[in-house]
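Participant: For reference, the sequence and a predicted model appear below.
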Amino acid sequence: MRSSRIATFLLAALLSCTAWGQYPARPIHLLVPNPPGGASDTIARIVAPALSAALGQPIVVENRPGSNGNLSSELAARAAPDGYTLLLGQDSQIVISPHLYPNLGVDTLKDLTPVATLITTQMVLAANPSLPAKDLREFVELAKRAKPPLAYASIGNGSQHHLTMEMLKLRAGIELVHVPYKGGGPATVALLAGEVPVMFGGNSVTAHIRAGRLRGLAVAGKKRSAAFPDLPTLSEFYPGLEVTAWLGIFAPAGVPQPVLMRLHDDITRLLAGSELRDKVLGVGGLEPFVSTREEFAALIRAEYAKYGEVVKATGVRID
């Protein structure tokens with residue numbers, strides 16, 4: 001009797017492995033937390049065709065903006081754990097939103113499974129050329145003297161762009177007035193028009209800095225940016241003040257390991273290849289980000305803890 005049960009278990013396991021070994025057997029839906037045109041949408045539409053070819057099934061990109069990306073997180077978390085619904089998740093919705101929204105409908109650490117990293121981007125402290133500050137030191141000195149305080153733009157309340165400036169305020173001992181916009185495009189337009197003098201931006205400001213329409217003051221990453229090698233890092237002035245934005249692929253919790261491994265291996269192989277790498281680098285300000293699933297999970301846990309401390313220190317809240 002016992003041998004019969006063991007045989008039944010082994011047969012079921014074999015059939016399960018065979019079924020998942022045939023993954024995918026139908027189109028996969030990739031949820032994007034922002035409207036068309038932003039960095040996450042651009043990366044989704046670069047990665048989707050290449051991943052579709054590798055998997056042999058269409059990748060349907062669905063823009064599901066709302067609530068600072070939280071809507072797409074909830075949709076992904078509630079989807080069947082079969083690998084046919086994926087999320088292109090941005091750092092803010094995974095590691096920042098849980099500390100800002102008291103009634104968030106998803107536990108991003110438990111309900112979503114990290115699959116693969118995609119890209120990182122250096123945020124740049126960009127200023128309108130009319131601002132009488134040529135570098136970070138002059139900006140801090142100007143901000144200390146300004147009455148009323150200088151304003152700064154962000155891509156939204158509670159975004160990484162917002163919290164990075166709040167961290168700079170704490171470290172530099174300056175006062176600034178936050179003006180949130182609905183995305184990087186509108187915030188950059190406001191900066192170009194002089195409605196606000198300064199902001200942290202990603203690829204939305206890169207081309208404008210290169211063209212001289214905006215002035216770069218510093219970058220926020222751990223090391224100097226390949227795009228702006230002459231700009232110092234924030235940590236050169238304020239040790240430990242380091243912020244790197246990233247995007248990655250997530251799946252609902254419970255997706256079988258063979259599916260997660262297939263997705264991770266194909267995505268990382270594609271990112272390591274010259275064709276996809278060149279397309280990512282061509283966007284401007286973005287770099288491919290390849291890691292193991294374990295490294296990705298460790299990054300998420302570390303940044304979740306870091307931003308929890310930042311939110312507590314700054315008192316930022318979203319109702």
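Facilitator: Now that the structure is in, tell me what you want to look at. Just so we're clear, the structure is a prediction, and the values are computed from it rather than from any experiment.

Participant: C-alpha only now, for contacts and for neighbours.
Facilitator: Fine.

Participant: Can you give me the buried ones in stretch 276-288?
Facilitator: Across stretch 276-288, burial judged by 16 or more other CA atoms under 10 Å covers L276, R277, K279, V280, V283, G284, G285, L286, E287, P288.

Participant: what ranges do the strands span in the stretch 51-200 of the chain?
Facilitator: Per DSSP state E, counting those that start in this stretch, the stretch 51-200 of the chain has strands spanning 59-63, 85-90, 112-121, 124-127, 150-154, 176-180, 198-201. These are given in chain order.

Participant: I'd like to know which elements the second one is packed against.
Facilitator: Going back to what we said before, that points to strand 85-90. The criterion is 3 or more CA pairs under 8 Å, 6 or more residues apart in numbering; DSSP states H and E, and the helices and strands that strand 85-90 contacts are strand 28-32, helix 39-55, helix 70-78, strand 245-252.

Participant: Identify all contacting residues around it.
Facilitator: 28-33, 40, 44, 72-73, 76, 79, 245-252 (CA atoms under 8 Å, 6 or more residues apart in numbering).

Participant: Measure how buried I174 is and give me the count.
Facilitator: Here the number of neighbours of I174 (other CA atoms under 10 Å) works out to 18.

Participant: Let me see the contact set for it.
Facilitator: For I174, the contacting residues are V140, A143, K144, taking CA under 8 Å, 6+ apart as the criterion.

Participant: Out of these, which sit inside helices?
Facilitator: Taking DSSP state H as the definition of helices, the contacts of I174 contribute V140, A143, K144.

Participant: Need those in TSV (columns: neighbour count, pLDDT and distance to L170).
Facilitator: As requested, the ones in helices among the contacts of I174 are arranged in TSV below (neighbours: other CA atoms under 10 Å; pLDDT from 0 to 100; distance: CA to CA, whole Å):
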residue	neighbour count	pLDDT	distance to L170
V140	18	98	12
A143	21	98	13
K144	16	97	12
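
Participant: among the buried residues of stretch 276-288, which two are most distant?
Facilitator: Pairwise distances among these were taken by CA to CA; the largest, 15.1 Å, belongs to L276 and G285.

Participant: In CSV, list the ones in helices among the contacts of I174 along with distance to Y307.
Facilitator: Written out in CSV, the entries for the ones in helices among the contacts of I174 read as follows (distance: CA to CA, whole Å):
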residue, distance to Y307
V140, 23
A143, 24
K144, 25
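
Participant: and Y238, which of the strands of the stretch 51-200 of the chain is closest to it?
Facilitator: Among the strands of the stretch 51-200 of the chain, strand 124-127 comes nearest to Y238, with 14.3 Å by CA to CA.
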